[in-house]
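Novice: sequence-free structure coming up:
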């Protein structure tokens with residue numbers, strides 16, 4: 001009755017639609033973009049879109065996790081060129097304003 005609290009499960013759902021005008025990340029002038037989500041020791045990766053700077057996914061994802069840290073902070077992280085990372089961060093910050 002007064003024991004340990006039960007562990008709760010949470011579901012993170014997100015919809016990945018598209019990106020426009022990504023800077024090139026290779027010598028061809030294009031990129032092979034994809035998205036990785038890491039939360040509570042779990043990892044989910046979207047499908048890679050080949051040779052494009054305007055990728056379209058139109059996919060939905062769900063991830064079940066235990067004990068989500070609160071408050072939950074979200075921030076983009078891109079493991080490519082510094083130029084692309086700066087571009088995405090500036091774009092994301094602009095969208096939040």
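Specialist: Perfect, thanks for sending it. Small disclaimer: the values here were computed from a predicted structure and weren't measured.
Novice: Can you list the residue ranges for helices in the protein?
Specialist: 82-96 (DSSP state H).
Novice: Point out where it drops to low pLDDT.
Specialist: Where the chain drops to pLDDT under 70, the residues are 1-7, 72-97.
Novice: Repeat the analysis, applying 50 as the threshold.
Specialist: Within the chain, the segments meeting pLDDT under 50 span 78.
Novice: in it, which spans are strands?
Specialist: With DSSP state E as the criterion, the chain has strands at 9-18, 36-39, 42-45, 56-66.
Novice: And for the third one, what's in contact with it?
Specialist: The contact list for strand 42-45 (CB atoms under 8 Å, 6 or more residues apart in numbering) reads 34, 35, 36, 37, 38, 61, 63, 65. Placement of C-beta: from N, CA and C, glycine included.
Novice: let's see 7 Å
Specialist: Residues from elsewhere that reach strand 42-45, judged by CB atoms under 7 Å, 6 or more residues apart in numbering: 34, 36, 37, 61, 63, 65.
Novice: Write the PyMOL selection for whichever of these are buried.
Specialist: Per 16 or more other CB atoms under 10 Å, the buried members of the contacts of strand 42-45 correspond to this PyMOL selection:
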select buried, resi 63
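Novice: Test my guess that residue 39 contacts residue 13.
Specialist: No: using CB atoms under 7 Å, residue 39 is not in contact with residue 13; the gap is 11.8 Å.
Novice: quick one, which of the two is more surrounded?
Specialist: With neighbours defined as other CB atoms under 10 Å, residue 39 and residue 13 compare such that residue 39 has more, 15 against 8.
Novice: Is the residue lying closest to that one once chain neighbours are set aside bridged to anything, and to what?
Specialist: Excluding its sequence neighbours, the residue lying closest to residue 39 (CB to CB, 6 or more residues apart in numbering) is residue 65, at 5.4 Å. Beta-bridge partners for residue 65, by DSSP bridges, are residue 10.
Novice: and residue 65, what is it in contact with?
Specialist: Listed by CB under 7 Å, 6+ apart, the contact set of residue 65 reads 10, 12, 39, 40, 42.
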